[in-house]
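1. coordinates only, no sequence provided:
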């Protein structure tokens with residue numbers, strides 16, 4: 001972005017005030033740690049629905065993701081004690097406002113759909129006494145797993161409330177979830193980067209997050225491989241790959257729309273089941289064989305007339 005490339009921002013990264021006139025924080029040995037990058041991403045099911053969704057669906061999914069990121073950063077501000085200072089000779093820690101810059105990306109290094117947001121957390125904050133100081137991020141990284149769980153729970157809630165998606169929480173990981181009606185095989189089809197990283201970790205005989213980051217860096221393609229490709233071009237390639245592997249992309253739209261409509265009109269599951277059965281019988285009489293996508297489209301159309 002223009003902000004991230006500005007001279008003022010570069011000065012802040014060096015620990016100086018934006019105008020570069022003098023240091024904002026104490027700089028040890030002539031070098032200042034500019035900050036830390038936090039990356040937020042959710043289950044592949046939501047990514048897939050974004051990839052094959054219309055403009056409205058993409059907007060609501062992206063908004064749900066962004067809202068979950070903002071709420072997670074707000075939680076850090078409210079609850080995490082990242083500021084250290086001495087009061088009456090004793091060290092104390094307190095919460096503080098954060099300064100961060102975020103940028104949203106659609107793909108991974110293999111050009112697959114992968115919604116994620118990078119948030120660069122600047123290593124400075126204004127203490128209540130008016131002094132600019134560096135952050136103490138020990139608590140932040142000690143509680144990394146719980147913070148990730150909070151993001152996923154929040155993202156799931158936002159997808160249910162605002163994007164009309166049906167969420168299924170994983171029994172082995174209650175904080176994690178999958179999006180119903182999105183086939184696991186389709187998600188795996190667009191998860192080759194994850195497979196590459198897991199394979200690299202298996203060869204090393206390790207399963208920790210530090211190894212995962214190391215393997216990811218060593219095996220990824222340069223960004224230039226897919227940089228600049230339009231969303232339309234990417235969507236076309238994704239759709240071709242999905243359909244070549246036997247997946248009906250249009251059916252995903254029908255399932256989401258049918259659920260959204262059912263929620264809007266408070267149609268019971270029993271009525272939905274009856275509706276689908278009736279439509280299947282009609283299609284069988286009209287044309288004999290029919291596809292799953294045709295059934296869902298007919299059910300969607302007929303649902304507009306479902307009695308309350």
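-> Structure's in. What do you need? Owing to the predicted nature of the structure, the values given are computational and were not obtained by experimental measurement.
2. wait, what's in contact with the spatially most central residue of the chain?
-> The chain has residue 41 as the residue nearest its centroid, 3.2 Å off, counting by Cα atoms, centre = their mean. With Cβ atoms under 8 Å, 6 or more residues apart in numbering as the criterion, the residues that contact residue 41 are 114-117. For every residue, glycine as well, the C-beta is placed using N, CA and C.
3. among those residues, which one is most surrounded by other residues?
-> Counting neighbours by other Cβ atoms under 10 Å, residue 115 leads these with 26 neighbours.
4. the residue nearest to that one when sequence neighbours are not counted - how many residues pack around it?
-> Closest residue in space to residue 115, ignoring its immediate chain neighbours: residue 47 at 4.9 Å, by Cβ to Cβ, 6 or more residues apart in numbering. Neighbour count for residue 47, taken as other Cβ under 10 Å: 25.
5. residues touching residue 47, list them.
-> 113-115, 187, 190.
6. check which helices and strands the longest strand along the chain sits against.
-> Under DSSP state E, the strand in the chain containing the largest number of residues is strand 113-122. Strand 113-122 is packed against strand 35-41, helix 44-51, helix 55-79, strand 100-107, with contacts defined by 3 or more Cβ pairs under 8 Å, 6 or more residues apart in numbering; DSSP states H and E.
7. follow-up on the earlier one: right, and the pair among the contacts of residue 47 with maximum separation?
-> 115 and 187 (12.7 Å; Cβ to Cβ).
8. coming back round to it: can you add distance to residue 214 and pLDDT and give the contacts of residue 41 back as TSV?
-> Below are the contacts of residue 41 laid out as TSV (distance: Cβ to Cβ, whole Å; pLDDT from 0 to 100):
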residue	distance to residue 214	pLDDT
114	19	94
115	24	96
116	19	96
117	22	96
